[in-house]
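>>> Below are the sequence and a predicted model; questions follow.
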Protein chains: 2
Amino acid sequence: MKQADESQTLLSNLPEPLRVFSRVRDYARGEMLFRRGDPARWVFFVHSGEVRMLRSGRAGEDILLHRARPGEYFAEAAVDCPEYLCDAIAFQASTLALVPKSELAPLLTRDRGFATQWNSVLMRELRMARARIERLALSSVAERVRHFVLAEERDEAGEVALAGSLKDLARDLGVSHEALYRTLARMEKAGEITRDGNALRLAASRRSKRRPADR
Amino acid sequence: MKQADESQTLLSNLPEPLRVFSRVRDYARGEMLFRRGDPARWVFFVHSGEVRMLRSGRAGEDILLHRARPGEYFAEAAVDCPEYLCDAIAFQASTLALVPKSELAPLLTRDRGFATQWNSVLMRELRMARARIERLALSSVAERVRHFVLAEERDEAGEVALAGSLKDLARDLGVSHEALYRTLARMEKAGEITRDGNALRLAASRRSKRRPADR
DNA sequence: CGTCGCATTGATATCGCTCAAATCCGGTGG
DNA sequence: CCACCGGATTTGAGCGATATCAATGCGACG
C-alpha cells in the first residue's frame, strides 16, 4: 500500500538499526507534539516541515529553544530524562519519525556501529548549539547576520537559502524582526549583501576566509 | 610516589575504560591548552580550575564560547574533527585529564557500557548549551540574571555560588560588566535578590513559578 | 472579498554600551 | 609594616542601537 511504501522510504533516512522500531507520523501545522512534563517516550527525527521547541517565560512570552529542521533529530535528551523539559510544536505541517526511547537506549550498548553514529549525531547538534551561542554573543545585528550566513552557507558560496520567513530568522538571531528588516536593507544598500527571494548572499569582498564553526 | 597516587585518585573520576589511557596534567593560570587549527589529539576532563574556550572575533574581541568547570569534559568534538576549532585557555590554575582521541573513538564501539556513559556526557553538554541559548535570547539583563540563577541553582534554593568574578558572570550573560553591576544593584534595592560575597540569591517571593498577574 | 500573516517603514522611548573616574581589595616587594 | 600596583567593583554621563508601538501594503487562502 502507498502508506506503507512511503513510510519505508522515509524511514530509510534513519540508521538501519532504528528503522525496525520507528514509525512515521504526520503532524498538522500548530499541532503540539508534547508539553513540558509529559513522560519522555520518543526521540524524533524530522523528515519534512519544522518543529520548534519552546519554553514559556514567566511573563508568558515564548522563548524559542530550538528549531528542528529536515534531517535533524530532536528531543535526544529523552534517552536520559524521564520527562520532556520543554514544549514542542509542529510549526509547519511536518512528517516525523518517532523512535521509541525504550528501544534506542539498549541499542547503544547492543549495536557497536550505532553508538558511533549516534555519537556523531549528538556532536553535530552540540556544534550547532555552540555556533548559535557564538552568534548571540555578537553585539550588533549586522554581525549576527554575517555570522549566520558564514555558518550556514554551503559550498563556500556565501549564500544561504532561508528555510523560513525573515521573521523566523529574526527570532533565530535574537533580534526584533523590525531591526532585522532595517539592518538587511542597510546592508543591501551598502552593497554588502544581496537578496533574491529566499536566498541571502554575502558580497564576496566582505567574506572572511574563516568560517564560524565550533571547536 | 605522591605524584602517581594523586594521578590515580584524580583519574578515578573518569569512567573506568578511560583511565588506562588518560594522563593528568597541571596548567598554570593563563596557559594555553590549544589554539584553533591545532591537530585535535585529546579530549579533556576538568578536575579542578577552569578552562575557557574562546574565539576571537573580527574586531579582535574575545568571544566566550564555553566555560569548562570541574567535573566537565570539553573539546569532545575532537572525536569527530581533525583539528580544534577554537582556542582553549586555563583561566585559573587547573588540573586536567587528557584523554587521547585515538583511544576514545574505538572505545565507543568496543566497550558497550561506555557508549551509554559517553552519550550521557554529550547530552548533558547539549542541555547546558541550549539553556545558555535560552538565556541569551532574553532581552533584558534582569531576565538573564533570573534565568541564570534558576538554571544554576542547587536544591531549589534559588541560590548560586558564583564561580568567578561578576565581570566573568557578565561575559557569561553576554552583557557589559557595568550593565550587570547596575542591574544587580537595582534588583537588590528592589529586594529581588541578595548578595553575600560570591553567593547570589533570588528572593523567595520572586521565585514562584506561577505568579498570578505577573508583570 | 475578508482575513491573516509577512514585509516594510516611521516615530519614539529606552536600555545597554562606551568612555571616565573613584574606590576597594589582595597581593607583592621594599 | 607600609607603599604600591593591578584588577575588580561602582557610579556617572552621554550616545546610539535596538525594542516597541503603529500604520500600510501585499500575497495567500478560504
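Everything's here; your move.
>>> Checking the closest residue to residue A:126 other than its chain neighbours next. Helix, strand or coil?
Excluding its sequence neighbours, the residue lying closest to residue A:126 (C-beta to C-beta, 6 or more residues apart in numbering or on different chains) is residue B:126, at 5.3 Å. C-beta coordinates here come from the backbone N, C-alpha and C atoms, glycine included. Under DSSP: H, G, I helix; E, B strand; the rest coil, the three-state class of residue B:126 is helix.
>>> For residue B:126, the count of nearby residues, please.
Using other C-beta atoms under 10 Å in any protein chain shown, residue B:126 has 21 neighbouring residues.
>>> quick one: contacts for it?
A:76, A:77, A:122, A:125, A:126, A:129 (C-beta atoms under 8 Å, 6 or more residues apart in numbering or on different chains).
>>> out of everything not next to it in sequence, what's closest to the spatially most central residue of chain A?
The C-alpha lying nearest the average C-alpha coordinate of chain A belongs to residue A:68 (C-alpha atoms, centre = their mean; 3.1 Å). Nearest non-adjacent residue to residue A:68, counting by C-beta to C-beta, 6+ apart: residue A:74, 3.8 Å away.
>>> Burial check on that neighbour, number of neighbours?
Residue A:74: 22 neighbours (other C-beta under 10 Å).
>>> what pairs with it across the strands?
Residue A:74 has these beta-bridge partners by DSSP bridges: residue A:44.
>>> Next, find the distance separating it from chain B.
For residue A:74, the distance to chain B equals 10 Å [C-beta to the nearest C-beta, to the nearest Å].
>>> Likewise for residue A:87?
Taken as C-beta to the nearest C-beta, the span from residue A:87 to chain B is 13 Å.
>>> Who does that residue form a beta bridge with?
So, taking DSSP bridges as the rule, residue A:87 has residue A:54 as bridge partners.
>>> who's in contact with it?
Per C-beta under 8 Å, 6+ apart, neighbours of residue A:87: A:32, A:34, A:35, A:36, A:53, A:54, A:55, A:56.
>>> What subset of these is buried?
A:34, A:53, A:54, A:55 (16 or more other C-beta atoms under 10 Å in any protein chain shown).
>>> Using pLDDT, spot the least trustworthy of those residues.
The member of these with the lowest pLDDT is residue A:55, at 77.
>>> close enough to count as contact, that residue and residue B:134?
Yes: counting by C-beta atoms under 8 Å, residue A:55 touches residue B:134, with 6.5 Å between them.
>>> Please pull out the lowest mean pLDDT helix or strand from chain A.
Lowest mean confidence among the helices and strands of chain A (mean pLDDT, DSSP states H and E): helix A:2-11, at a mean of 51.
>>> same for the helix or strand following that helix, what does it pack against?
Using DSSP states H and E, the next helix or strand after helix A:2-11 towards the C-terminus is helix A:16-19. Contact analysis of helix A:16-19 by 3 or more C-beta pairs under 8 Å, 6 or more residues apart in numbering or on different chains; DSSP states H and E lists helix A:101-110 as its packing neighbours.
>>> Contacts for the helix it packs on next, please.
For helix A:101-110, contacts defined as C-beta under 8 Å, 6+ apart pick out A:17-18, A:21, A:40-43, A:78-79, A:114-115, A:118, B:112-113, B:115-116, B:119.
>>> Also compute the angle for that helix relative to helix B:101-110, please.
Using axes from the mean of the first three to the mean of the last three C-alpha atoms, to 10 degrees, the direction of helix A:101-110 lies 120 degrees away from that of helix B:101-110.
>>> so the residue of chain A found nearest DNA strand D, which of the three states?
When scored by C-beta to the nearest atom of the strand, chain A has residue A:179 as its residue closest to DNA strand D, at 3.0 Å. Recorded secondary structure, residue A:179: helix (three-state DSSP).
>>> Next up, the contacts around it.
Taking C-beta under 8 Å, 6+ apart as the test, what residue A:179 contacts is A:141, A:170.
>>> could you measure it against residue B:100, distance?
Residue A:179 sits 46 Å away from residue B:100, taking C-beta to C-beta, to the nearest Å as the criterion.
>>> got a pLDDT number for the closest residue to residue A:43 other than its chain neighbours?
Once flanking residues are discounted, residue A:43 sits nearest to residue A:99: 4.6 Å by C-beta to C-beta, 6+ apart. pLDDT, residue A:99: 92.
>>> same deal with residue A:212?
53.
>>> ok, which residues in chain A are in contact with DNA strand D?
A:139, A:140, A:141, A:142, A:174, A:175, A:176, A:178, A:179, A:183 (C-beta under 7 Å from any atom of the strand).
>>> For these, which two are the farthest from each other?
Farthest pair in the residues of chain A next to DNA strand D (C-beta to C-beta) is A:139 and A:178. Separation: 18.0 Å.
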